[in-house]
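Next come a sequence and a model predicted from it.
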Amino acid sequence: MKNLLFITIALLCSVSIYAQSYQPAVESLKYSVNYKWGLINKQAGIVTLTTHDFKDGLFKSTLVGRSATWADKFYTVRDTLMGTMMTRTMEPVFYEKVSHEGGEFRRDIIKYDRTKGDSIIGNCDRWRQRKKDKEVVYSQNLLKATGMTLDMLSSFYYMRQIDYTSMKPGDSVTTNIFSGNQVEILKITYLKNENVEIDNTNYDTYYIKFSFTSKGGQKSSDDMFAWISTDKNRIPVMLLGNLPIGSIRCYYQP
């Protein structure tokens, strides 16, 4: 359950491979988050992503997720992500995550500085309160990268912009991703075109894989997978991520 939102959205070196038919627009996407383990396949939560407030070459996004009532008994999730991005490139200028997970509180705010050429600086303010803590602990962190740099929210839009039609199976795109306390490398690999069925609706999709490594090259989390519609809307209709026990599958609910 801890990875519920990260799998949903982020499941996401500079690149210039863009799908010219996709442009962000005002929309609200809803997802059912299911937990699967053996014969168990049960809705574990819901996520809603809203794209809004287009102005001066920027747009805003808000993602809200929560665990289902039955899942609250094991691990409660109440998360909100907010961000401002550049409409043309999906690069973030502001990012905030507020999470209540398993009785712990976390808040991250990243403000991006791109005034020094190709260098990206993320000024990160962090608040933490673990179960055993009586007070909220505040800290600051400075993140640095060179080239295309995203966060968990902007990566959801960036992966929709890639021109998979110009790629062959096994081709990949690599970008930096700020995760709050460190800089990771996100590699998005195109696997193949695949037709998937969700709630009796068939979708033609691009099937892709996400791999995450730290700056030292060490794998920082398990691979994740996404199926993105091939139409101009480029909607991620299904996402998959593994947990220590079972897996989380996210299904688009039109």
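Right, received. Where do you want to start?

my guess is M85 contacts Y157, does it?
Yes - using Cβ atoms under 8 Å, M85 is in contact with Y157, at 6.4 Å. Placement of C-beta: from N, CA and C, glycine included.

and for the two, which residues touch both?
Residues touching both M85 and Y157 by Cβ atoms under 8 Å, 6 or more residues apart in numbering: 24, 61.

how much space between Y22 and M90?
10 Å (Cβ to Cβ, to the nearest Å).

what is in contact with the two at once?
Contacts common to Y22 and M90, judged by Cβ under 8 Å, 6+ apart, are Q161.

Comparing these two, which residue is more hemmed in?
Set Y22 next to M90 and count neighbours by other Cβ atoms under 10 Å: M90 wins out with 23 against 18.

which stretch of helix or strand covers the more buried one?
Counting by DSSP states H and E, no helix or strand carries M90.

Can you pull the phi and psi angles for it?
phi 70, psi 10 (degrees, to the nearest 10).

right, and it touches Q23 too?
No - counting by Cβ under 8 Å, M90 stays clear of Q23, with 10.3 Å between them.

in the stretch 51-200 of the chain, which spans are strands?
58-67, 77-86, 92-101, 104-116, 119-129, 137-146, 149-150, 172-178, 183-198 (DSSP state E, counting those that start in this stretch).

count of residues packed around T149?
26.

Distance of it relative to I110?
Computed as Cβ to Cβ, the T149 to I110 distance reads 10 Å.

which neighbours do those two share?
Joint contacts of T149 and I110 (Cβ under 8 Å, 6+ apart) are 92, 122, 178.

Can you pull out the low-pLDDT segments for the chain?
Residue ranges of the chain with pLDDT under 70: 1-21, 180.

can we see that at 80?
Residue ranges of the chain with pLDDT under 80: 1-22, 180, 215-221.

what's the longest helix in it?
helix 154-161 (DSSP state H).

Count the residues that sit near the closest residue in space to G122 that isn't next to it in sequence.
Nearest residue to G122, sequence neighbours excluded (Cβ to Cβ, 6 or more residues apart in numbering): L143, at 3.7 Å. Around L143 there are 20 other residues, counting by other Cβ under 10 Å.

Please look at L143 and F178 and confirm they touch.
Yes - between L143 and F178 there is a contact under Cβ under 8 Å: 5.0 Å.

Please enumerate the shared neighbours of those two.
Common neighbours of L143 and F178 (Cβ under 8 Å, 6+ apart) are 110, 122, 124.

Just put those in a markdown table and tack on neighbour count.
Formatted as a markdown table, the shared contacts of L143 and F178 follow (neighbours: other Cβ atoms under 10 Å):
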| residue | neighbour count |
| --- | --- |
| I110 | 23 |
| G122 | 22 |
| C124 | 19 |
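
Which one of the residues you listed is nearest to D171?
Ranked by distance to D171 (Cβ to Cβ), the shared contacts of L143 and F178 are led by G122 at 28.3 Å.

number of nearby residues for M224?
23.

Correct me if wrong, but it is in a helix.
No - applying DSSP: H, G, I helix; E, B strand; the rest coil, one finds M224 to be strand, outside a helix.

roughly how far apart are it and M148?
Separation of M224 from M148 (Cβ to Cβ): 19 Å.

L191: what's it in contact with?
Contact analysis of L191 by Cβ under 8 Å, 6+ apart lists 169-170, 207-209.

Mind giving me the ChimeraX select for those, buried ones only?
Command for ChimeraX, covering only those of the contacts of L191 found buried under the criterion 16 or more other Cβ atoms under 10 Å:
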select :207,208,209
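
out of the contacts of L191, which one sits closest to V64?
I208 (24.6 Å).

what bridges to A145?
I120 (DSSP bridges).

er, Q43 I mean
Going by DSSP bridges, Q43 forms beta bridges with N34.

OK, contacts around it?
Residues near Q43 by Cβ under 8 Å, 6+ apart: 32-35, 68.

A44: neighbour count?
22.

That one touches Y31, doesn't it?
No - counting by Cβ under 8 Å, A44 sits too far from Y31 to count as a contact (11.3 Å).
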